[in-house]
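Asks: One predicted model, sequence on top.
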Amino acid sequence: MGIRLPSMILNAKQAVKLQSRFARNLTDVPKGHIAVYVGEFQKTRFVVPISYLNHPSFLDLLDRAEEEFGFNHPMGGLTIPCKEEAFLDLTSRLQAS
């Protein structure tokens with residue numbers, strides 16, 4: 001029985017991107033979600049459930065971003081300056097739990 005991690009990450013990435021595209025077409029973020037800008041240089045907008053903000057792994061990511069970059073959010077939303085792949089990996093694990 002093999003692990004199908006690459007396909008799982010690809011599916012999660014597609015789902016998050018589709019959700020992100022859908023949210024861009026709306027003037028508001030759907031109820032129960034939050035817009036997050038992710039990336040080291042070029043920021044990509046993702047829309048994630050607000051429940052992620054209570055998860056220890058997500059809080060750890062936010063703490064590391066705060067320690068390294070402070071609270072400067074020029075995009076007007078929550079900005080996490082990490083690699084997009086790391087964010088997608090975390091959100092796919094949160095979605096599976």
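Replies: Good, I have the coordinates. Just so it is clear, the structure is predicted and the values come from calculations on it, not from any experiment.
Asks: Near the residue nearest to residue 83 when sequence neighbours are not counted, how many other residues are there?
Replies: The shortest distance from residue 83 to any non-neighbouring residue, by C-beta to C-beta, 6 or more residues apart in numbering, is to residue 40 (6.3 Å). C-beta coordinates here come from the backbone N, C-alpha and C atoms, glycine included. Counted with other C-beta atoms under 10 Å, residues neighbouring residue 40 total 10.
Asks: Using the three-state scheme, assign residue 40.
Replies: Under the three-state scheme (DSSP: H, G, I helix; E, B strand; the rest coil), residue 40 adopts coil.
Asks: what sits against it?
Replies: Applying C-beta atoms under 8 Å, 6 or more residues apart in numbering, we find residue 40 in contact with 81-83.
Asks: quick one: what helix or strand has residue 37 in it?
Replies: In this structure, residue 37 is located in strand 33-38 according to DSSP states H and E.
Asks: What strands line up against the helix or strand that that strand is followed by, and which way round?
Replies: Helices and strands here follow DSSP H and E; after strand 33-38, the next one along the chain is strand 44-49. According to DSSP bridges, strand 44-49 forms sheet pairs with strand 33-38 (antiparallel).
Asks: Just the CA atoms of the partner strand, as PDB, please.
Replies: Listed next in PDB are the C-alpha coordinates belonging to strand 33-38 (Å, rounded to 0.1, in the frame of the first residue of the first chain):
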ATOM      1  CA  HIS A  33     -13.700  32.200   6.200                       C
ATOM      2  CA  ILE A  34     -10.700  34.600   6.100                       C
ATOM      3  CA  ALA A  35      -8.500  35.900   3.300                       C
ATOM      4  CA  VAL A  36      -4.800  35.100   3.700                       C
ATOM      5  CA  TYR A  37      -2.100  36.400   1.400                       C
ATOM      6  CA  VAL A  38       0.800  33.800   1.200                       C
END
